[in-house]
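**Q** The following comprises the amino acid sequence and a computationally predicted model.
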Amino acid sequence: MKCIILAAGYATRLYPLTENFPKPLLKVGDKTILDWLIDDIDTSSVVDEYVVISNHKYACHFDEWAKSKQQKITVVDDATESNETRLGAVKDIQFAIDRLNIDDDMLVIAGDNVLDFSLTKFVSYAQKKNSSCIMRYYEEDFNKLLKCGVVSVDENDKVLNMTEKSSTPATHWCCPPFYYYTKNDAKLVQKGIDSGCGTDAPGSYIAWLCTQSTVHAMEMPGKRYDIGNLESYEKVKAEYKGIK
């Protein structure tokens with residue numbers, strides 16, 4: 001299995017901290033955000049390569065960081081140099097697939113979140129379901145739902161429908177940026193792009209994929225800390241206690 005880490009954004013809301021430095025390498029406690037994620041996932045012993053997709057501006061920072069890690073880490077530079085010219089998450093995923101000739105199951109994650117639970121639970125869930133999978137959590141705040149991917153599921157966790165940033169969200173089930181693609185479904189990313197699925201938000205591919213293939217949604221077993229601006233970063237640094 002390959003773990004694809006989406007890290008090509010420019011984190012403009014965190015300037016000046018991230019004006020010349022990538023958000024995933026900011027420290028939370030004694031580790032970078034990316035270290036928290038990778039060190040946890042690696043305990044599952046199912047990932048044989050981590051692929052960090054970076055923009056050109058920050059790629060050198062990820063290259064330097066990768067030298068300190070024991071895991072096999074490949075940094076892919078998508079050659080963009082500004083927020084205005086970024087490819088978008090879905091096109092970045094396809095860029096990495098093409099560049100590295102990836103033909104494997106894929107765990108796809110945003111590189112700028114920390115969790116208080118182990119992602120190995122999600123990997124185990126996906127392997128048992130033997131399908132592409134996402135996570136979901138109940139979001140009470142309607143205004144937050146407007147900015148997220150929202151899913152409808154049946155009694156067996158099968159995704160019936162997913163929308164990204166809809167003005168009329170169908171449920172309160174919100175989808176965080178953590179996904180599992182089966183090998184066969186990973187081969188459909190380019191078809192999704194060609195079919196007109198959104199490419200900026202990573203969940204847009206899943207919104208399209210669930211109309212083509214079976215996707216299941218695991219209820220998130222803990223809390224996700226989203227670092228979107230300077231205020232939230234300071235809050236996470238003060239509150240985060242690691243993985244339970």
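**A** Looks like it arrived, so ask away.
**Q** going forward, measure contacts and count neighbours with C-alpha atoms only.
**A** OK.
**Q** Roughly how far does residue 56 sit from residue 168?
**A** 37 Å (CA to CA, to the nearest Å).
**Q** can you pull out the strands in the chain?
**A** 2-7, 27-28, 31-32, 49-54, 73-77, 106-110, 113-115, 132-138, 149-153, 159-164, 173-175, 178-181, 215-219, 224-226 (DSSP state E).
**Q** List the buried residues in the last one.
**A** Spelled out, it's strand 224-226. residue 225 (16 or more other CA atoms under 10 Å).
**Q** before we move on, what about stretch 80-98?
**A** Going by neighbour count (16+ other CA under 10 Å), the buried part of stretch 80-98 is 80, 86-97.
**Q** Need those in CSV (columns: pLDDT).
**A** Shown next, in CSV, are the buried residues of stretch 80-98 (pLDDT from 0 to 100):
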residue, pLDDT
80, 94
86, 89
87, 91
88, 92
89, 94
90, 95
91, 96
92, 96
93, 97
94, 97
95, 97
96, 97
97, 97
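**Q** which among those residues gets closest to residue 191?
**A** residue 94 (10.2 Å; CA to CA).
**Q** tell me the contacts of that closest one?
**A** Residue 94 makes contact with 189-190, according to CA atoms under 8 Å, 6 or more residues apart in numbering.
**Q** Next one: it from residue 203, what distance?
**A** 14 Å.
**Q** With residue 161 instead?
**A** From residue 161 to residue 203 the distance is 12 Å (CA to CA).
**Q** More neighbours: these two, which one.
**A** Taking neighbours as other CA atoms under 10 Å, residue 161 and residue 203 compare with residue 203 leading, 27 against 18.
**Q** how far does the helix ranked longest in the chain sit from the chain's center?
**A** Taking DSSP state H as the assignment, the helix of the chain that covers the most residues is helix 89-100. Mean-position distance between helix 89-100 and its chain equals 13 Å (CA atoms, centre = their mean, to the nearest Å).
**Q** need the helix or strand of the protein with the lowest average pLDDT.
**A** helix 142-145 (a mean of 86; mean pLDDT, DSSP states H and E).
**Q** Pull out the buried positions in stretch 139-156.
**A** 139, 145-146, 148-153.
**Q** Other residues contacting stretch 66-81?
**A** 8, 48-57, 59, 62-63, 86-87, 92, 95-96.
**Q** With stretch 209-225 instead?
**A** 113-117, 122, 125-126, 129, 131-137, 153, 157-162, 185, 192, 236.
**Q** at 7 Å what do you get?
**A** Contacts to stretch 209-225, defined as CA atoms under 7 Å, 6 or more residues apart in numbering, come from residues 113-117, 131-137, 157-159, 161, 236.
**Q** Those, buried ones only, as a PyMOL selection?
**A** Of the contacts of stretch 209-225, the buried ones go into a single PyMOL selection, burial set by 16+ other CA under 10 Å:
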select buried, resi 113+114+115+116+117+131+132+133+134+135+136+137+157+158+159+161+236
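**Q** From the centre of the protein, give me the residue that's furthest out.
**A** What lies farthest from the middle of the chain is residue 155; by CA atoms, centre = their mean that is 25.2 Å.
**Q** per-residue pLDDT, it?
**A** In this model, residue 155 is scored at 94, pLDDT.
**Q** What distance do you get for it to residue 127?
**A** 19 Å.
**Q** So what's the residue count around residue 130?
**A** Residue 130 - counted by other CA under 10 Å - has 14 other residues nearby.
**Q** Please apply the same query to residue 205.
**A** Residue 205: 25 neighbours (other CA under 10 Å).
**Q** Help me confirm that it comes into contact with residue 194.
**A** No. Between residue 205 and residue 194 there is no contact under CA atoms under 7 Å: 11.1 Å.
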